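Trainee: structure here, sequence nowhere to be found:
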């Protein structure tokens, strides 16, 4: 049976990515290295956009996405051998970018360990210039935003 904290966490996110803290993720103090949290966010972002079929269209052969800015707030340290869930959601959609929010839930601590966000920009692959979010990706994100309200 899930805890009340986990149930509330699950209800707040459109996408949930389950991961395990690996031994290699730890630093000398035996907790997850700060840089690894951004890798967890990346895994969630790719899984989230893939689930929206955002990459399953011809537009993605010409365009891609890059993280323009990102931030992370560490609440409690993660340690091995924790199982975590990275929740992700799109909270804003612009012409050439969108903003995602993340939270990492720790099973070991039964609470949110980390929160973060990223501004993701659509770019052309041949020259790296900003371009409008491809139509199919935009439609998938817009549908998600409608569901979350």
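Mentor: Yep, it's here. Not measured: the values here are computed from a predicted model.

Trainee: okay, CA-based contacts and neighbour counts for the rest of this
Mentor: Fine.

Trainee: longest strand in the protein, please.
Mentor: strand 111-124 (DSSP state E).

Trainee: hey, where'd the strands end up in this structure?
Mentor: Using DSSP E, strands in the chain cover 15-20, 63-74, 83-93, 97-106, 111-124.

Trainee: what pairs with the fourth one, parallel or antiparallel?
Mentor: Sheet pairing of strand 97-106 (DSSP bridges) gives strand 83-93 (antiparallel), strand 111-124 (antiparallel).

Trainee: possible to save those strands as TSV with mean neighbour count, distance to residue 55 and mean pLDDT?
Mentor: Putting the strands paired with strand 97-106 into TSV (neighbours: other Cα atoms under 10 Å; distance: least, Cα to Cα, whole Å; pLDDT from 0 to 100) gives the following:
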stretch	mean neighbour count	distance to residue 55	mean pLDDT
strand 83-93	21	16	97
strand 111-124	20	12	96
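
Trainee: about what we covered before: which stretch among the strands of the chain comes nearest residue 38?
Mentor: Closest to residue 38 of the strands of the chain is strand 63-74 (Cα to Cα; 7.9 Å).

Trainee: and the closest one, what does it pack onto?
Mentor: Judged by 3 or more Cα pairs under 8 Å, 6 or more residues apart in numbering; DSSP states H and E, strand 63-74 is in contact with strand 111-124.
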